[in-house]
Structure formats: C-alpha cells, structure tokens
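> Sequence and predicted structure, then a few things I'm wondering about:
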Amino acid sequence: MRPPMRSSVACTRCRKSKIKCENANGASPCDSCVKTGNECIFKIPDHVAPKRLEPPAFVKQERDGGPDRKRHRKLDDLPNGDSHKTALFVEDVLSASFLTEDLWEQILDLYKLHFAPELPFLHLPTMKEKLGRKKTSTPEQNSDNNIVLLGVLTLTARFHPDLVRYTAHMCNSETVNARIRRVQNPADPTAASEYYAEILAMALGPIRTSFSTASVDRVAALLMLGLYEWSQTQPKTGGMTAWMYVGSAIRMAQFLGLGFEDAAEAGDAKFRAADLRLKNAVCQSQRTLQKEIRRRLMFSCFILDRMLACGKHRVTIIRGEELDIQLPCSEDKFDLALEVRTGRLTHLESSAYGDSVLSRFIQMVNIWGEISKYSSRGGRVEDKQAPWHPESDFYKLNETLARFDLALPGTFTFSKSNYLKHENHQDASAYVLLHMLRFVCLIMLHREYVPFVPVRCRGPEGPLDKPTFTKEETPLGFWKMSAEKMFRAARGVVDLIEICQKKDKLPQSTIVLFAVWTTSFVGLYGAHFPQMDTEKHMLSSDYEDPWARDQRDDFMRDIFKRGPTALATHTLLRLATWQKMASTYVDILYDMNDYFTTIKQDYYKYSDKNGRPNNSTLRVREGGTGGGLEEYHPLVTKLKDFGTIQPDEHDVTDISERLRLRTLNRPSSALGSLSSTGRSATPASFTAINHSSILSISEMSRPLSRAATDRGLPQSQVDTYAESLRYHNTQQQQQVDLPPALAYPTPRSVLESGHTQTPVYESTMDDSESFWDKLQRDELRRFGATGDLSLFSTGQSELLVEEMPFGDSSYIPAMSGSSYQLLQPAEDGQV
C-alpha cells in the first residue's frame, strides 16, 4: 500500500467535511472521493469566515457521507432475468456521481481516438445531447441508450486513470463474481473495462430473450462487447466469446436489413417498413442521420467480420459484393447530418462524390480480407501459377493493391504532413488505421515468397522449397523487389508509430496491435538474416529503447534494444498494458528470437566448414538446401493468424492411452533392435516433437512473461504482463554426435520447451513383480502426474517438482532410470 501523500490543496468535499485529503496535488481524484464514488473538485478556497464555537450539524453528516450518499451497486445484486430490475440496476450504475459531464467528454474523446475507425457509428453530438437529458428520463426510456453507454465504458474505461481508480476500489471492496475477482488488481487497467463488460453482458439479458428483440442499439452493444473481448484474447482461453458476440451482431444487423439501406426495392415489405420508420422522424436531417448511422453500423459488422476471419479455418459471414449501401461520408458531414452521395465498397476508383478516409479504410479492409484468405489457405504453395503470371492469385492481389494506391487522393497518401492535416481535422485515427492496414497487406502478400530460414542465401532469391523457380524464368530483380516491398512496408509502420507517439495519439486498436506485431516479426527476421533487407529499412539504429539504457545485465539481445525493431517491440509492450493479446505476441516474438538463433547454429553444425549446405537433405536444420518449409508449417497459426479462436488444450488421457497401447502391444522382436541402437542424450536444440507441459496452471500462480522480466520493468508495470504466455529457458544439455537422420527438432519444441531438471530416483523394483506390470503401473502413473514425455523416454524430468499438479515429489514413483534402459535386461530375463 502506498504511503499517504501530503498535499497543499484539498478538494471541496474534504475541505467542507474537514477531513484529510490525500491526492496528487489535484492531478487526480483524492482517495476519499474515490472510496465514496463522488466527483472530486479542486478550486481555490474562498475567504474563510471566523470559526463558530459549535460546528454545524451538516458537517458531521457530510463527513459520514451525508444522508443522500448513494451506495454503490454490488455485482452480487445483479437481477436474475427481471428486465425491470435490470434496467434499474444499469441506470444506477450509470448514475454514479463520478460519471460527470466532463468525464463523459473525456470518455467520448478516448472512444474517437481508439475505436472510431472500427466502430464509426456513434454520433457524438447526439450522444452528448442524450447524456444531458438522461436525468429527466425514466430507466425504461433509457434502456437501449444505456447499453450503448455501457459499451463505450467497456472499451474506454481502461484508458482513463480516474475510472481505473474508481472501479478498482469498487471491485476490491465488494464480493463479486469470479470473473471480476480475477482482475481486481488496482494496477491492471483492464479491471475497469472488465467491470463494465460484465454489467453490459447482464444488461443484454439471457440468450433466449436477448435474441428475441432486435434493435440498432443492441447491434452496437454486441459489437462493442465483441471487440473488447477480442482484444483480451489469449491462447489459454481462445476467442470464442468475441466470435459469438460479433456473429450474433452480424445476424441481427442482417435481420434489420442494414446492408440494404440504399436498395429501395419497390414492393419489398421489409424496406417499406424501414422507409416508414425513417419518414416518421422529426425532419429530413434526422432521417439522413439515421440512415447514415445504420450504414456505418453495417460496415462496423463488416470490419469485425474480416478481423476475426483473419486465420485458418475461419469463415466470413458477410459477402462484400452483396452490400447494397454506399460508403460512409466524411466526419464533418456526419456531425452536421448532411446528406452526401458516396461510392460503393468494390469501386476503387476515385469517387466523384463525397470521399472520406473512413470509406477508403473500409475498402482496404475488403482487400485485406482477400489477402488474408489467400494467406490462410496456403499462399504460394496453393497458387497454381508463378507470382508474375497474370492468372496467379499473387499477381491479382498485388494489382488490386496497386490500383487502390493509384486511386487514393493526394491528401490521403502516406506522409507526415498529411497526418498533421488529418489530425487538425480530428480524423487522424482513420488515417493511421488506413495506412497501418495497407502496410500489413503488403507484408502478408510479399512474405509468401521469402524463405523462412534463408541461412544459406546471399540475398533474396525466391522460395527454396517447392514450388521453386529457375533463374531463367524469373524476371530480373523480381525477388529483390518483392522482399524490399515487405521491409519497406514494415518501416512504414515504424514511421507511423513514431509520428503518433510523439503526440501520444497512437490508436489502441486491435488492428494497430496486429500491424505492430507483424512489423516486429519482420524486423526480427531482418536482424537474423540481414542479407534479405537489401535497403536496410529495418536495420538502422536511429532509435534506442529507453528501458535498455539503464539495464546493466544483458537480458535482451541487441535486436530489442535499438533500431526500428526495438521501437516496434517497445510499442507492443505498451499495448500489453491494455490488451492481453499483445502480451501473447510479445512472448512469441522473444521465443522466435531464440528459435532463429538455434536453427542457425544447427545448420552450421551439419554443413561443411565453409557453410555450404549438405546436398543430401532438404532439411535446413540438418544443414540441407531447403528454406525451412518443414519448420514453418507448425508455426503457421502462431505467426500468420490474427489472434486465436480455439483455446490451446492437451488431452492427457488420450496421450496416456496411446502410450499404454504402444507399450503393451510391443512385439518382442522390437526389443533387440531398440537396445542395439542404444539411446544417447539429445543435442541442445533437440526436443521431442510432442513434448509440452499439459498441466493446467492458474493465471494467478504463473510467473511473469519473459518479455517483462527481461526488460527489468518495475513491478507496477510488470503486473500487466502476468497473464501472458509462460516462457521457458532451455538449459544446455550435453551434446553427442548423432547421424542427422535420427532426429531433428521442430519449431513447436523450441517454443514449448521447459526447464530441464535431473531428479534422482531410487529403484523400488520388486523381483517378484513382472517387469511389464511394473512398467505399465509406474510409467503411466508418472506420466499421468507430470504430462512429461521426456520422463517417459529418458528418465529425466523437464518439470520442476514445485510445478507438479500436487506439489509433492512423493506422488512420483521412484525409478532409477528410463524404461528404455530397462528394456534390454527385460529381454534377457534379468528383471
């Protein structure tokens, strides 16, 4: 607990109550107002009259909170299925005294900065007007508007320090459900958003009743909740919650006909009903505004649909060519509710009508969806033609991007001066996301023809694994130009980050997060294989991580200390404060750094003394001539997919059953061949392909992520990374020369390897007991307890005793070696 601070100023409430005011000199609400949930106001006190002999009665009342003090609603008080009580509860939450008009102004500004491009349907002047009338309306009249307000708070509360303090106090002082208790750490900003997300989910009602009522506000609330859940996705939990919220919002929007606002088909009852509702509006401008909101809401569904579909086996719901609505108008026309004609989604040419950065961003999302689909289904491996052939998928997508760039108005192109122009018109966020996504598309497209492990390449020379292309058929300079586009796009993201961070206006969007992660990996790739970045786009040293300057111990590689990659990585770490998905990417990035280091060492170990490859194999880890395609396949989902939908799970029972069957059904002839070859210790980088811990470790007991520990972050900042993926350092084992064909490591083994321990086991073998009975009982028992295949195969556990599920070494049966070491004596009848 922090020590109380003496302040030279006191808020009006504490001054009036004559109590101590603990605050940061008026920069944030005092502790007393946070605890009582009151607005904290600092002002210069008026001239104080002489003291009265007896204090007025109201002072004591104020000191105790006053008779009109409102008790904060506990989440244990959530009404169960009663819509009227639910409306009253939500109204009570949104009527908290600290949610002042000024605070709402700041919240809406945060929404516009971070989420307006992805969810552009909020008409801020109307929202502010409704907030002003809120006190004079009944809870039932405010019910639909309230779920939108809860959605705004869900997205933005984590970015507002005062809201983080208020909600942290409420979560810590109440007995709430398990989901809120998980995030009650005051240092975790996501606790504030989680608080409102839980209330919003309750306000939407049970599934059966919530899906029986369709409205524009419900679609908006579902999208906000889905976007928040997506930003907090981690491999352990997966993103199914976001997937379902967004999918439900899309179906509800389709039911409301939001994708056909401009169809105006005569005789269609649904469209006649929609037109009738709009004609009942007060005036023409109101009708125009409602139609524009409905269009923007449908395009929000479209954006999130493409976002969640960026990955393997993820299918989109909305077909872009079937949307019969015009693109959104510019922000100034939207604020003034002016009717403007704009272009359509698939028309990339410059529009003669009203154009906007937002409409261009939505068109880029459509292109991104096509590139993502191409990448997820196999990319170049599934392409039937060479990339320079007009019929190839690569060529068509590359031409689409080129046409999009040519159609961009001059003020929409990427430059620092253009960013400043859009910032002056309060439209910088859409501009940033437009170019972030454009750079991501270029990287996703051109990385397909860059070898994954080009350790033997002297420069870009195309793929090294089939399908390959000869020098004669390849256009001159094609591979160099393609790789240069990829690195230049990554540098463009770095430049955008630098421009935005100077003004502290980088949007905390999940699309920005994905762009920063993609750029960080490209920079890491360029640092390990600098010959591929021929123009040195990602190899300059014009940035130095401020955290690295004061760090004496060399926990991190130089890659993460200076240069464009360091800036991107540092940004990724900052994003992890508010988005848990970022902490996952941070750990993958550090794991891949170690992975690239290890695979280069293995290549040079098996290649000749001059570094020339071993022509007898394609496997790059065995010194072969390939480009690492066999290494890349297990990593595709980690490196390509945007987030994860399916949680990472391992089935202990299934693995144990396979081991039991394999042991009991082993033919006796196999024993001799197995023992004759012997079993040696594996090299340092060699790990079993299926070695991974399958223990379910609670988030609260997990150690800090490798990224946060390596950077030496203070505890207050490190807490934000405590739920990130667990990182393991692999200790070096004794190296023994083995033929390359016997075994080779896999990318998964490097990413999931654990601490290597060598516990000593004492033999408890009973001579009267059958060897096979002992093997079945003890080995399966030990594997069932630890999930450790290394213990089964070598007798050396790679799990600490403290990490065992029961925390007690006595549970593990003691044996003096591996089962395979006992197989030869068993065959000879010595057991």
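Alright, I've got the coordinates. Computed from a predicted structure; not experimentally measured. Numbers count the residues shown, from 1 in each chain.

> make it CA atoms for all contacts and neighbour counts henceforth
Fine.

> got the residue ranges for the helices in the stretch 301-450 of the chain?
Assigned helices in the stretch 301-450 of the chain, in chain order: 331-335, 357-376, 393-407, 416-424, 428-446 (criterion: DSSP state H, counting those that start in this stretch).

> Could you verify my assumption that F302 touches T316?
No - using CA atoms under 8 Å as the test, F302 is too far from T316 to be in contact (9.1 Å).

> returning to that earlier point: now tabulate the helices of the stretch 301-450 of the chain in a markdown table and tack on distance to I107.
Shown next, in a markdown table, are these (distance: least, CA to CA, whole Å):
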| stretch | distance to I107 |
| --- | --- |
| helix 331-335 | 18 |
| helix 357-376 | 21 |
| helix 393-407 | 34 |
| helix 416-424 | 19 |
| helix 428-446 | 16 |
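
> got the ones you listed as CSV, with distance to P117, mean neighbour count and mean pLDDT columns?
Below are those laid out as CSV (distance: least, CA to CA, whole Å; neighbours: other CA atoms under 10 Å; pLDDT from 0 to 100):
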stretch, distance to P117, mean neighbour count, mean pLDDT
helix 331-335, 11, 16, 92
helix 357-376, 7, 22, 95
helix 393-407, 19, 17, 95
helix 416-424, 13, 15, 92
helix 428-446, 5, 24, 96
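
> Out of the ones you listed, flag the one nearest R15.
R15 sits nearest to helix 416-424 of all the helices of the stretch 301-450 of the chain, at 40.8 Å, using CA to CA.

> just checking, P29 touches C40?
Yes - applying CA under 8 Å as the test, P29 and C40 come out as touching, 5.3 Å apart.

> Compare those two (neighbour count), which wins?
Legend: neighbour count by other CA atoms under 10 Å for P29 and C40, higher for P29 (26 against 20).

> residues touching the more buried one, list them.
23, 39-41, 162 (CA atoms under 8 Å, 6 or more residues apart in numbering).

> Could you turn the buried ones of those residues into a ChimeraX selection?
Buried members of the contacts of P29, defined by 16 or more other CA atoms under 10 Å, are picked up in ChimeraX with:
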select :23,39,40,162
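
> now, which of the contacts of P29 lie within helices?
Secondary structure defined by DSSP state H assigns D162 of the contacts of P29 to helices.

> Going by distance to L618, which of the contacts of P29 wins?
Distance to L618 across those (CA to CA) is lowest for D162, with 58.2 Å.

> thinking that closest one is in contact with S28, fair?
Yes - contact criterion CA under 8 Å: D162 and S28 qualify, at 6.6 Å.

> one step back: higher neighbour count, F302 and T316?
More neighbours surround F302 than the other of F302 and T316, with 24 against 17 (other CA under 10 Å).

> Tell me which helix or strand in the chain has the weakest average pLDDT.
Across the helices and strands of the chain, mean confidence by mean pLDDT, DSSP states H and E is lowest for helix 669-677: a mean of 34.

> wait, isn't R377 in contact with V315?
No - R377 sits out of contact with V315 when judged by CA under 8 Å, with a separation of 11.4 Å.

> Now do the buried residues in stretch 633-649.
Buried residues in stretch 633-649, counted by 16+ other CA under 10 Å: 635, 639-645.

> Over to stretch 108-125?
With burial defined by 16+ other CA under 10 Å, the residues of stretch 108-125 counted as buried are 108, 110-124.

> again, but for stretch 478-489
For stretch 478-489, the buried set under the neighbour-count rule, 16+ other CA under 10 Å, comprises 479-480, 482-489.

> Kindly report the same for stretch 524-541.
524-534, 536-539.

> And the residues you listed, which two are furthest apart?
Greatest spatial distance among the buried residues of stretch 524-541 (CA to CA): L524 and T534, at 14.9 Å.

> State which helix of this structure is the longest.
helix 580-606.

> Show me what it is packed up against.
helix 216-231, helix 510-528, helix 564-575, helix 706-710, helix 747-752 (3 or more CA pairs under 8 Å, 6 or more residues apart in numbering; DSSP states H and E).

> Quick one: closest of the ones you listed to R360.
Evaluated with CA to CA, the helices and strands packed on helix 580-606 place helix 510-528 nearest to R360, the distance being 15.4 Å.

> Show which residues not belonging to that closest one make contact with it.
Here helix 510-528 has contacts from 231, 307, 433, 436-437, 439-440, 443, 487, 490-491, 493-494, 532-533, 538-539, 559, 564-566, 568-569, 571-572, 575, 582, 585-586, 589, 593, 596-597, 642, using CA under 8 Å, 6+ apart.

> do that again at 6 Å, thanks
Identification of contacts with helix 510-528 by CA atoms under 6 Å, 6 or more residues apart in numbering yields 440, 490, 533, 538, 565, 568-569.

> Tabulate the helices and strands packed on helix 580-606 (a markdown table), appending distance to A197 and mean pLDDT.
Formatted as a markdown table, the helices and strands packed on helix 580-606 follow (distance: least, CA to CA, whole Å; pLDDT from 0 to 100):
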| stretch | distance to A197 | mean pLDDT |
| --- | --- | --- |
| helix 216-231 | 7 | 96 |
| helix 510-528 | 17 | 96 |
| helix 564-575 | 19 | 94 |
| helix 706-710 | 27 | 47 |
| helix 747-752 | 33 | 42 |
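
> Need the ones you listed in TSV (columns: distance to I207).
Putting the helices and strands packed on helix 580-606 into TSV (distance: least, CA to CA, whole Å) gives the following:
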stretch	distance to I207
helix 216-231	12
helix 510-528	27
helix 564-575	33
helix 706-710	39
helix 747-752	38
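
> Kindly state which of those is positioned closest to V152.
Shortest distance between V152 and these, using CA to CA, is found for helix 216-231: 7.3 Å.

> What's the first helix or strand after that closest one?
Using DSSP states H and E, the helix or strand that follows helix 216-231 towards the C-terminus is helix 240-255.

> by contact count, what packs against that next one?
If you count contacts as 3 or more CA pairs under 6 Å, 6 or more residues apart in numbering; DSSP states H and E, helix 240-255 packs onto helix 216-231.

> State the mean pLDDT of stretch 191-206.
Averaging pLDDT along stretch 191-206 gives 92.

> Output stretch 357-377 in CSV, but only the C-alpha positions, please.
Only the C-alpha atoms of stretch 357-377 are listed here, as CSV (Å, rounded to 0.1, in the frame of the first residue of the first chain):
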residue,chain,number,x,y,z
VAL,A,357,-10.6,8.5,-45.1
LEU,A,358,-13.1,6.2,-43.4
SER,A,359,-14.5,5.0,-46.7
ARG,A,360,-11.0,4.3,-48.0
PHE,A,361,-10.2,2.4,-44.8
ILE,A,362,-13.3,0.2,-45.3
GLN,A,363,-12.2,-0.6,-48.9
MET,A,364,-8.8,-1.5,-47.6
VAL,A,365,-10.5,-3.9,-45.1
ASN,A,366,-12.2,-5.6,-48.0
ILE,A,367,-8.8,-6.1,-49.8
TRP,A,368,-7.3,-7.3,-46.5
GLY,A,369,-10.0,-9.9,-46.3
GLU,A,370,-9.0,-11.3,-49.7
ILE,A,371,-5.3,-11.3,-48.9
SER,A,372,-6.0,-13.0,-45.6
LYS,A,373,-8.0,-15.7,-47.3
TYR,A,374,-5.2,-16.2,-49.8
SER,A,375,-2.6,-16.5,-47.0
SER,A,376,-4.7,-18.7,-44.7
ARG,A,377,-5.4,-21.3,-47.4
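
> Okay then, goodbye and thanks.
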